[in-house]
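# Show me how the following folds:
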Amino acid sequence: MVANTFVEMHELREKADYDCSTRWTRKEVNLHIASVAAAFKAWKAIRDEEAARAFLFTLFPKKRR
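Sure thing, here's the model as predicted:
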């Protein structure tokens, strides 16, 4: 859930930043905010698990030589 929410919100942010034709309703935005709040709550429950640490590691940019 946490990873999926992260990916979905990142995609929506890109859309919000670069697609000026997209219109957002208050209801849509509130649903997205609620999904992020739920993801933060879920993260607190799993943050010490190995899978959670592995997920965080994948977010670090790779060094380019």
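# Could you measure from residue 63 over to residue 57?
13 Å (Cβ to Cβ, to the nearest Å). Using the backbone N, CA and C atoms, a C-beta is placed for each residue, glycine as well.
# And the two? Which one has more around it.
Shown here are residue 63 and residue 57; by other Cβ atoms under 10 Å, residue 57 has more neighbours (8 against 5).
# tell me the mean pLDDT for the strand or helix carrying that one?
Assigned by DSSP states H and E, residue 57 falls within helix 50-59. Confidence over helix 50-59 (mean pLDDT, whole number) is 84.
# Equivalent analysis for stretch 21-32, please.
pLDDT averaged over stretch 21-32 gives 95.
# if we can go back for a sec, buried residues in the helix holding residue 57?
52, 55 (16 or more other Cβ atoms under 10 Å).
# Mind listing residues that contact it?
2, 3, 43, 46 (Cβ atoms under 8 Å, 6 or more residues apart in numbering).
# Over to stretch 8-19?
Counting by Cβ under 8 Å, 6+ apart, 22, 24, 32, 35, 36 sit against stretch 8-19.
# got it, and stretch 25-34?
9, 12.
# Check the offset of that stretch from the chain's centre.
When C-alpha coordinates are averaged (Cα atoms, centre = their mean, to the nearest Å), stretch 25-34 and its chain have centres 14 Å apart.
# oh, and call the first residue 739 from now on, that's how I've got it
Sure, I'll start counting at 739 from here, so that last one is stretch 763-772.
# Just the CA trace of it, in CSV.
Listed next in CSV are the C-alpha coordinates belonging to stretch 763-772 (Å, rounded to 0.1, in the frame of the first residue of the first chain):
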residue,chain,number,x,y,z
THR,A,763,-12.1,18.8,-7.9
ARG,A,764,-12.0,19.3,-4.2
LYS,A,765,-13.4,15.8,-3.7
GLU,A,766,-10.6,14.3,-5.8
VAL,A,767,-7.9,16.2,-3.9
ASN,A,768,-9.4,15.2,-0.5
LEU,A,769,-9.4,11.6,-1.5
HIS,A,770,-5.8,11.8,-2.5
ILE,A,771,-4.9,13.5,0.8
ALA,A,772,-6.8,10.7,2.7
